[in-house]
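1. The sequence and its predicted three-dimensional model are supplied below.
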Amino acid sequence: MSRIFCIPGVIFLACALVLGIIVSISLPFLPPLDFVRVHFGNGVATMGDGMVELRFGIWAPCYYNTEGARTCFKAGHAYIVSIANQQNTANVIIGSSWTRGLAVHPVATAVTAIAFAMSFSTHHMVTLLASLTSFLAALLTLIAFAIDIALFAFVHHEIGKLPDVNGTTHTSVAFWLTFVTLILLLLAGCTVCFGRRKDRMSGAASYPMASYNKPSFFSRFRRNKV
């Protein structure tokens, strides 16, 4: 494949793979890598004692108390979070159906790794598969990003239902890293695809063309020699 297209494609895939791995590790192993974050103001919710912040990761939720100490639940996907107001007169539940889909992130990262490995090949068929695999990883990342948006919208809606709780819901670092990964995968897929097409076009142009001289008008009236 043409090197002018091959090198950027490999770089895009490498960056997407690194971001995908970081996002896939997530909470509780990397504290800053959460998708949705809830800050509680005057009305402190009581999932834990004195909780002022709640973070949603792929593998577990974590909360922070007024002293800044972090507490995370047991790691595992499809977790459930129950949040109550300070008086414990009302509560909301973030069910496992809203957190189970976060596991799509590691799947998309695994497909990205396959595309990255195939992008080093110079074989036409392998580069085509690398491009298709990049688009497949982008599709999975898009699905994961849609799940992130749905989780954010649901948490925002549920927190608003709690009385006497001044809670604000925000998207967090892993949410936006997923969006950047999606853009990088789309660029990588297009770059590898265009590089393969350019290589085929240059290969076709290298075939020798047979020369053909069109006879002149007066040569038709010349007598052929016997």
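-> Sure, I can see it.
2. make it CA atoms for all contacts and neighbour counts henceforth
-> Fine.
3. For burial, what's the neighbour tally of the closest residue to residue 172 other than its chain neighbours?
-> Among residues not flanking residue 172 along the chain, residue 35 sits closest, at 4.9 Å (Cα to Cα, 6 or more residues apart in numbering). Applying other Cα atoms under 10 Å, we find 27 other residues in the vicinity of residue 35.
4. distance of residue 35 from residue 16?
-> 17 Å (Cα to Cα, to the nearest Å).
5. Strands of this structure, start to end?
-> Taking DSSP state E, the strands of the chain run over residues 36-40, 51-56, 61-65, 70-72, 81-84, 91-94, 167-171.
6. check contacts around the residue nearest the centre of the chain.
-> Most central in the chain under Cα atoms, centre = their mean is residue 141, positioned 3.6 Å from the mean C-alpha point. Residues near residue 141 by Cα atoms under 8 Å, 6 or more residues apart in numbering: 104, 105, 108, 178, 181, 182.
7. Residue 167 pairs with what?
-> Taking DSSP bridges, one obtains residue 40 as the residues bridged to residue 167.
8. quick one: it and residue 37 touch, right?
-> No: contact criterion Cα atoms under 8 Å: residue 167 and residue 37 do not qualify, at 10.1 Å.
9. Compare these two (neighbour count), which wins?
-> Legend: neighbour count by other Cα under 10 Å for residue 167 and residue 37, higher for residue 37 (23 against 19).
10. list the contacts for the more buried one?
-> Counting by Cα under 8 Å, 6+ apart, residue 37 touches 53, 54, 55, 56, 169, 170, 171, 172.
11. Please tell me how far the third one sits from residue 71.
-> As for residue 55, its distance to residue 71 is 10 Å (criterion: Cα to Cα).
12. ok, now the second one?
-> Residue 54 is 10 Å from residue 71, where distance means Cα to Cα.
13. Contact partners for residue 175?
-> In this structure, residue 175 makes contact with 34, 35, 36, 145, 148, judged by Cα under 8 Å, 6+ apart.
14. Narrow these to those in helices?
-> 145, 148 (DSSP state H).
15. And the contacts of residue 175, which is closest to residue 123?
-> Checking the contacts of residue 175 against residue 123 by Cα to Cα gives residue 145 as the nearest, at 32.5 Å.
16. Quick check: that closest one vs residue 61, distance?
-> Distance of residue 145 to residue 61, given as Cα to Cα: 18 Å.
17. Cool, thanks, signing off.
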